[in-house]
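> Attaching a predicted model along with its sequence, questions to come.
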Amino acid sequence: MADVAGVAGRTVAVPLAALARVRRAKPMHPVGVLFRARLERRGVARPTGIGWLDSTGTDDVVVRLSRGAGLPARCPDLLGLALRVPGEQPVDLLLSSTGSGRLTRQLPLLRRNAATTYGSVMSYRSSAGPVWLAGAPQADELPSDRDRLADAFPGVVVVLSAAVARGRWQEFGRVTMGAATAPPDPPLHLDAVLHPPPGLVADGVLARFRRPAYAAARAALGADLGTRVP
């Protein structure tokens, strides 16, 4: 039986690649702001057996905030929070505005306020069961439009959490946002399917859908997944 998600991903890859060529930018989340930041992993309170979630460590990272369709600021949009941990084997997290409940954490939601919950939507396979990841800026309200992002986010702390199977969210790290890069949105192509955290494997329907779609968009832009951070 054909992999329906994979077939759908290859089908969607065609218009996504065309859109990328027309925009000369990412087909989704085309405009954003890239920030330097510091990730401090503190480990979850109840160990999972997944080293990256259980252990401690500190890394210099970059975080990109964006609006999914690039709609005007007055309109709700699917907001994005992407994080890269550089290295020989980089880690890429691609999180979108979602709910935070056991069911709504898999549901993308349109938002204007960037101080919302960002979830992986896509699950990861692990030795402990399926895992979802989330990030939550610690603020009451934050702008989501590019013109104000660069000034609003430095100093903001983003709490990273993980939920295993049907379990509750457990905090495992904090990201302290630094200054925006110059230029504010240099080329940087992340792939959450190819670059999952150690001990996790991108899994499920969404992972199979994303793989060909991401590859087509990168190919249309002549981009690669180099680990150099601007």
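That came through, no problem.
> For the most centrally placed residue in the chain, give me its contacts.
Nearest to the mean C-alpha position of the chain, by Cα atoms, centre = their mean, lies L94 at 1.5 Å. Contact analysis of L94 by Cβ atoms under 8 Å, 6 or more residues apart in numbering lists G80, A82, S120, L190, A192. Yep, even glycine has a C-beta here, placed from its N, CA and C like the rest.
> okay, it: pLDDT?
Looking at L94, its pLDDT reads 94.
> How about L110?
Note on L110: pLDDT of 94.
> which residues touch it?
Neighbours of L110 in contact, by Cβ under 8 Å, 6+ apart: P76, D77, L78, S97.
> rewinding a little: of the contacts of L94, just say which sits nearest to E40.
Taking Cβ to Cβ as the measure, E40 lies nearest A82 of these, at 18.4 Å.
> The closest one against S66, yeah?
Yes. If you go by Cβ atoms under 8 Å, A82 and S66 touch, sitting 7.3 Å apart.
> And these two? Which one has more around it.
Counted by other Cβ atoms under 10 Å, A82 and S66 do not tie: S66 has more neighbours, with 25 against 22.
> For the residue nearest to the centre of the chain, grab phi and psi.
phi -120, psi 110 (degrees, to the nearest 10).
> Dig out what it forms beta bridges with.
Per DSSP bridges, the residues bridged to L94 are A82.
> any idea how far A139 is from it?
21 Å (Cβ to Cβ, to the nearest Å).
> And the next helix or strand past the helix-or-strand element of the chain with minimal mean pLDDT?
When each helix and strand of the chain is scored by mean pLDDT, DSSP states H and E, helix 4-23 comes last, with a mean of 38. Proceeding N to C from helix 4-23, the next assigned helix or strand is strand 31-41, under DSSP states H and E.
> Skip ahead from that following strand and say which helix or strand is next.
Using DSSP H and E, the helix or strand that follows strand 31-41 in sequence is helix 51-54.
> what's next to that following helix, contact-wise?
The contact list for helix 51-54, computed with Cβ under 8 Å, 6+ apart, reads 41, 43-44, 47-48, 91, 131, 162, 170, 172, 197-200.
> Looking at these, which is nearest Q106?
Checking those one by one against Q106 (Cβ to Cβ), the nearest turns out to be V131, at 12.4 Å.
> what sits opposite that closest one in the beta ladder?
Beta-bridge partners of V131, as defined by DSSP bridges: Y124, V164.
> which residues in the chain form strands?
31-41, 57-67, 79-85, 91-97, 118-119, 123-125, 131-137, 157-164, 170-180, 201-203 (DSSP state E).
> Keeping just the C-alphas, turn the second one into PDB.
These are the backbone C-alpha positions of strand 57-67, laid out as PDB (Å, rounded to 0.1, in the frame of the first residue of the first chain):
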ATOM      1  CA  GLY A  57      24.100  21.600  28.900                       C
ATOM      2  CA  THR A  58      24.500  25.100  27.500                       C
ATOM      3  CA  ASP A  59      24.700  26.100  23.800                       C
ATOM      4  CA  ASP A  60      24.800  29.300  21.700                       C
ATOM      5  CA  VAL A  61      21.900  29.000  19.300                       C
ATOM      6  CA  VAL A  62      19.900  31.000  16.800                       C
ATOM      7  CA  VAL A  63      16.100  31.500  16.900                       C
ATOM      8  CA  ARG A  64      13.900  32.700  14.100                       C
ATOM      9  CA  LEU A  65      10.500  34.200  14.700                       C
ATOM     10  CA  SER A  66       8.200  34.400  11.700                       C
ATOM     11  CA  ARG A  67       4.600  34.600  10.300                       C
END
